[in-house]
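Undergrad: Generate coordinates for the sequence data below:
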Amino acid sequence: MPNENEDFIIHAIPVLKDNIIWVWQIGKQVVVVDPAISKPVIQWIKDNNYKLHAILQTHHHDDHIGGTPDLIKHWPFASVIASKKDINRIPFQSYSVSDQENISLMGYQIKVIEVPGHTSNHLAYYLSDDKNKRKVPALFIGDTLFGGGCGRIFEGTYQEMFNSLQRVNKLPSQTKIYCAHEYTEANLRWAHKLFPNDLDIKKRLKDVSKKRANGFLSIPSKLAEERKTNLFLRAQSVNEFQALRNHKNNWNG
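TA: I've put the predicted structure just below:
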C-alpha cells in the first residue's frame with residue numbers, strides 16, 4: 001500500500017472545448033486518464049517535476065487518445081492500459097485488460113468494468129474504498145456517464161448503454177464520478193425543461209450554474225447525486241432510456 005504520508009490527489013486539466021483530462025497523483029508519480037492532447041499534460045507534469053507512471057484509456061475516440069503517442073515518447077516506460085478488444089484501434093496499448101480484471105497501479109487496486117454503448121468497446125476504471133482504504137471511491141468513466149447525462153450511442157445499442165448505466169448504478173452511492181467532459185449544466189437545463197417541478201434537478205442546476213459562472217468545474221459528482229438528478233440513471237427500462245436519449249439528441253436548448 002502507498003505510504004500514509006503520500007497524498008492521493010486527482011487533478012483536472014481542462015482542454016479543447018470541454019474535455020477534462022484527469023491526472024491521479026501519488027507523491028511524484030501520476031496516472032493520466034484519456035489524454036485528448038499532449039502539450040498541456042507534458043507541461044503540467046514537467047512543471048511539477050512528476051513522472052508519468054501510466055495512462056488509462058476508456059475508449060478509442062481521438063479526443064481521448066490523441067495525446068497518448070506523444071506522452072509515451074517523453075516517458076517511454078509508462079504503461080498504456082486499454083481494452084484488449086480494442087487493440088486495433090488503440091494499437092499503442094502496452095497492457096491490455098478485460099472486464100472485471102483487477103490491476104495494480106502505484107500500489108492501488110483498480111477494477112476494470114466494461115461499459116459499452118457509446119462505443120462498442122468502452123471501459124471504466126474503479127478505485128474502491130474498501131480495498132484501497134480511501135474515504136471515497138472513484139470511477140473514471142470516460143463518455144458513458146456525464147454529470148446529469150450520458151454519452152451518445154455511436155456504436156453500441158440502447159440496451160448495451162442501459163445495461164452499462166445499471167452496472168454503474170450498483171456501485172456505492174458515495175462513488176465520485178470522473179467523466180471526461182464538462183456537460184453538466186446543459187444536461188441539467190434539458191432535464192429541468194422536461195421536469196420543471198423536480199426540486200432536486202432545479203437545485204442542482206442552480207448550484208452548477210453558479211459554479212460555472214465563477215469558473216469552477218461541476219465535476220466530479222457523486223453517484224448519489226446522479227441517482228437523484230440524472231434522468232438516464234433514473235430510467236426504469238430500456239424503452240424509457242431510449243426515449244430520453246432520442247429526446248436529448250434532438251434538443252436545441
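
Undergrad: which residue ranges form the helices in the stretch 51-200 of the chain?
TA: Here the stretch 51-200 of the chain has its helices, by DSSP state H, counting those that start in this stretch, at 62-65, 68-74, 129-132, 158-169, 184-194, 199-213.

Undergrad: and the last one with helix 184-194, angle?
TA: Regarding helix 199-213 and helix 184-194, their directions subtend 150 degrees when assessed with axes from the mean of the first three to the mean of the last three C-alpha atoms, to 10 degrees.

Undergrad: before we move on, back to that, looking at the helices of the stretch 51-200 of the chain, which one has the lowest mean pLDDT?
TA: Least confidently modelled of the helices of the stretch 51-200 of the chain is helix 129-132, at a mean of 60 by mean pLDDT.

Undergrad: average model confidence for stretch 170-177?
TA: What stretch 170-177 shows for mean pLDDT is 95.

Undergrad: Run the chain-centre distance for it.
TA: Once both centres are worked out by C-alpha atoms, centre = their mean, to the nearest Å, stretch 170-177 turns out to sit 13 Å from its chain's centre.

Undergrad: Of the helices of the stretch 51-200 of the chain, give the one that comes closest to residue 9.
TA: Taking C-beta to C-beta, helix 129-132 is the member of these nearest to residue 9, at 14.0 Å. Every C-beta, even on glycine, is put in place using the N, C-alpha and C of the backbone.

Undergrad: okay if I get the helices of the stretch 51-200 of the chain as a markdown table plus mean neighbour count?
TA: Converted to a markdown table, the helices of the stretch 51-200 of the chain look like this (neighbours: other C-beta atoms under 10 Å):
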| stretch | mean neighbour count |
| --- | --- |
| helix 62-65 | 19 |
| helix 68-74 | 16 |
| helix 129-132 | 14 |
| helix 158-169 | 19 |
| helix 184-194 | 20 |
| helix 199-213 | 16 |
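
Undergrad: With distance to residue 29 added, can I get those helices in a markdown table?
TA: Shown next, in a markdown table, are those (distance: least, C-beta to C-beta, whole Å):
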| stretch | distance to residue 29 |
| --- | --- |
| helix 62-65 | 21 |
| helix 68-74 | 14 |
| helix 129-132 | 15 |
| helix 158-169 | 27 |
| helix 184-194 | 30 |
| helix 199-213 | 30 |
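
Undergrad: which secondary element of this protein has the worst mean pLDDT?
TA: helix 129-132 (a mean of 60; mean pLDDT, DSSP states H and E).

Undergrad: picking that back up, the helices of the stretch 51-200 of the chain: which one's closest to residue 251?
TA: helix 184-194 (5.2 Å).

Undergrad: Give me the contact list for the closest one.
TA: Residues outside helix 184-194 that contact it (C-beta atoms under 8 Å, 6 or more residues apart in numbering): 146-149, 198, 201-202, 204-205, 208-209, 212, 218-219, 221, 229-231, 247-248, 251, 253.

Undergrad: wait, which of the helices of the stretch 51-200 of the chain is closest to residue 13?
TA: Among those, the nearest to residue 13 by C-beta to C-beta is helix 68-74 (12.2 Å).

Undergrad: from the chain's centre, how far out does that closest one sit?
TA: 21 Å.

Undergrad: Now do residue 169 against residue 159, distance only.
TA: 15 Å (C-beta to C-beta, to the nearest Å).

Undergrad: cool, and residue 226?
TA: Plainly put, residue 226 is 20 Å away from residue 159 if you go by C-beta to C-beta.

Undergrad: Appreciated, that's everything.
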